[in-house]
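Novice: can you look at this prediction? I've put the sequence above it.
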Amino acid sequence: MILYLADNRSRPNWGCRATSMALGALLQQVGPISDIINGVETSASTMTPLRSGIALPKGVRRFFRGTRRISWSVFYALDSFLDLSHDFLEVDTQRSVESFLRLKGRFPVLEGIYQKFVRCEMLVINGEGTYIFTDRPRRDTLYYNFAIALAKKMGKKACVVNAMFSDEPEFGKNKKLYDETVRVLRQTDLITTRDPESYDYLMPDLEGHNVKYVPDALFTWSAHMAEWKEHMRGGVEAFESFGYETHKRVPDVDLSKPYIAVSGSSWAARDQDRAYNTYKGLISELQKLGLPLLIVPTCGGDVFLNRLAEDLSLPSVPVGIPIRIGAAILGNAEVFVSGRFHPAVMASCGGTPCVFLSSNSHKTRSLQNVLEYDNVVEHHAMPDAAASALIRQQCEDYLAVSRRERIAEVTRRLGQRSSTVVDLLSQMRDAR
């Protein structure tokens, strides 16, 4: 029985949805999935105890943060001054486990999580892009470390698969968090990295441990892309999803004819106003290519693209579109300009060449090596006029000489290799 942690289909994010589905399909070949812990649980606190053990109503924290009546920095400063904690998770994983076990009897949500560990035989964590050792630790990183430690304490097997490990480009490495993560990862039964750069990043400190490079599970979608692309006829208006339906006709693009798709970047998402202005210049430059542009916001961080699409009367795809249709739209484009890892994988599964923007990690650089690009080029996530011109030129090069067959063939091979995680996990399941 498998406890699937970070089944992130619950997140309004194309990458989270797609790779979680792809990995889940592979896990079902290993054995029954007894329970899941989804992305809502790992990314946001669901209970709010103080260190004293007194419970603070969870709505209080969300009220202040959700309405931004108190900024995040002020909120954290207040926590520090009062020595408060609104979560059981800390960088010190042992303390996280101790707090969880002490508090679980008083919080039903924690007791429910504990019972999921009781029922499973093996914990499998979908690592995705979580292990970025940021200056302020990501909650999901702390959660994964906690889950590994709890699983091992309970005598369960624990595996981390489909994972990236990276510094954060602007801040470098949170050494305390990294050292603690390495200590915890040494307890796992198997680690698979989704790219060779992540493998090389870990190995100096995990030499001799069971670490393998296995391409991202999403590459298995290459086997289905031709079938899904059969639906790419007519306009994107036909795929308008619930919550995005309007009274008026919207700008449209014929999906059976050539178009260029554009999405955002995890780095650009940090400054929405600046992203809006820089992408406005980028779009103006790309329009010189003479092909329709399709704006593709793939997660909440790309919300600035919704504004751009509306202001510039450009066709766009809602983030809530059925994800297989979204993958086919990207895989049917002539070129995809993006700083997003999994959307670029989806596009590549359909043979679409990608022009990569930088991100919050090494992912858009390392992905080009995985895809066997001859020249690895990573443009700035906030391209100025000069960078936008270079992006346009790279698009021209891709339009002039087709690379579709080569890219599709590479992703087919990667899809076959990514399926080997089934054998690796099965071996761990059966090992004594």
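Specialist: Noted; the coordinates are in hand.
Novice: could you pull out the strands for the stretch 201-350 of the chain?
Specialist: In the stretch 201-350 of the chain, the strands defined using DSSP state E, counting those that start in this stretch lie at 211-213, 260-265, 293-295, 335-339.
Novice: Asn369 is nearest to which of those?
Specialist: Among the strands of the stretch 201-350 of the chain, the nearest to Asn369 by Cβ to Cβ is strand 211-213 (11.4 Å). Where you see a C-beta, it was placed from the backbone N, CA and C, and this is true even at glycine.
Novice: so what's Ile260 bridging to?
Specialist: On DSSP bridges, the residues paired with Ile260 through beta bridges are Leu293, Val335.
Novice: give the contact list for it.
Specialist: Contacts here follow Cβ atoms under 8 Å, 6 or more residues apart in numbering; on that basis Ile260 touches Leu286, Leu289, Leu291, Pro292, Leu293, Leu294, Ala333, Glu334, Val335, Phe336, Val337, Cys395.
Novice: out of those residues, grab the one that's most surrounded.
Specialist: Val337 (30 neighbours; other Cβ atoms under 10 Å).
Novice: quickly find the element holding the closest residue to Val30 other than its chain neighbours.
Specialist: Nearest in space to Val30, with sequence neighbours left out and distances taken as Cβ to Cβ, 6 or more residues apart in numbering, is Leu425 at 4.5 Å. Assigned by DSSP states H and E, Leu425 falls within helix 421-430.
Novice: which helices and strands sit right next to that helix?
Specialist: With contacts taken as 3 or more Cβ pairs under 8 Å, 6 or more residues apart in numbering; DSSP states H and E, helix 421-430 sits against helix 14-30, strand 122-132, strand 157-166, strand 190-193.
Novice: which stretch among these comes nearest Asn306?
Specialist: Between the helices and strands packed on helix 421-430, helix 14-30 lies closest to Asn306; by Cβ to Cβ that is 14.3 Å.
Novice: rounded mean pLDDT for the helix or strand that the closest one is followed by, please.
Specialist: On the C-terminal side of helix 14-30, the closest following helix or strand by DSSP H and E is strand 33-38. Averaging pLDDT along strand 33-38 gives 95.
Novice: list of residues touching the helix or strand following strand 33-38?
Specialist: Beyond strand 33-38 on the C-terminal side, the first helix or strand identified by DSSP H and E is helix 39-43. Contacts of helix 39-43 with the rest of the structure, by Cβ under 8 Å, 6+ apart, involve 5-11, 16, 20, 46, 113, 139-140, 143-144.
Novice: returning to what we had before: reformat the helices and strands packed on helix 421-430 as JSON lines; add distance to Ala347, mean pLDDT and mean neighbour count.
Specialist: Conversion of the helices and strands packed on helix 421-430 to JSON lines gives the following (distance: least, Cβ to Cβ, whole Å; pLDDT from 0 to 100; neighbours: other Cβ atoms under 10 Å):
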{"stretch": "helix 14-30", "distance to Ala347": "11", "mean pLDDT": "96", "mean neighbour count": "22"}
{"stretch": "strand 122-132", "distance to Ala347": "17", "mean pLDDT": "95", "mean neighbour count": "26"}
{"stretch": "strand 157-166", "distance to Ala347": "18", "mean pLDDT": "96", "mean neighbour count": "25"}
{"stretch": "strand 190-193", "distance to Ala347": "22", "mean pLDDT": "97", "mean neighbour count": "24"}
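Novice: right, and the ones you listed - which one's nearest Pro322?
Specialist: Taking Cβ to Cβ as the criterion, Pro322 comes closest to helix 14-30 out of the helices and strands packed on helix 421-430, the separation being 9.8 Å.
Novice: now do the closest one and strand 33-38, the angle between them.
Specialist: An angle of 160 degrees separates the directions of helix 14-30 and strand 33-38 when computed by axes from the mean of the first three to the mean of the last three Cα atoms, to 10 degrees.
Novice: elements contacting helix 14-30?
Specialist: Contacting helix 14-30 under the criterion 3+ Cβ pairs under 8 Å, 6+ apart are the following elements: strand 2-7, strand 122-132, strand 157-166, helix 323-332, helix 341-349, helix 421-430.
Novice: before we move on, back to that, flag every buried residue along the helix holding Leu425.
Specialist: Of the residues in helix 421-430, those buried by neighbour count under the rule 16 or more other Cβ atoms under 10 Å are Val421, Leu424, Leu425, Met428, Arg429.
Novice: how close does the last one get to Val124?
Specialist: For Arg429, the distance to Val124 (Cβ to Cβ, to the nearest Å) stands at 10 Å.
Novice: quick check: neighbours shared by these two?
Specialist: By Cβ under 8 Å, 6+ apart, Arg429 and Val124 have these common neighbours: Val30.
Novice: ok, Asp384 - how many residues close by?
Specialist: Other residues within reach of Asp384 by the criterion other Cβ under 10 Å amount to 11.
Novice: which pLDDT value goes with the residue nearest to it when sequence neighbours are not counted?
Specialist: Spatial nearest neighbour of Asp384, chain neighbours left out: Thr278 (6.9 Å); criterion: Cβ to Cβ, 6+ apart. Among the per-residue scores, Thr278 shows a pLDDT of 95.
Novice: can you check Arg65 too?
Specialist: You'll see Arg65 listed with a pLDDT of 45.
Novice: where does this protein have low pLDDT?
Specialist: Low-confidence segments of the chain (pLDDT under 70): 44-86, 248.
Novice: and if we set it to 50?
Specialist: Judged by pLDDT under 50, the chain has its weakly predicted residues at 52-55, 57-59, 62, 64-69.
Novice: about what we covered before: how about a markdown table for the contacts of Ile260, with distance to Arg403 added?
Specialist: Supplementary listing: the contacts of Ile260 in a markdown table, determined by distance: Cβ to Cβ, whole Å:
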| residue | distance to Arg403 |
| --- | --- |
| Leu286 | 18 |
| Leu289 | 16 |
| Leu291 | 16 |
| Pro292 | 20 |
| Leu293 | 20 |
| Leu294 | 20 |
| Ala333 | 13 |
| Glu334 | 11 |
| Val335 | 10 |
| Phe336 | 12 |
| Val337 | 15 |
| Cys395 | 12 |
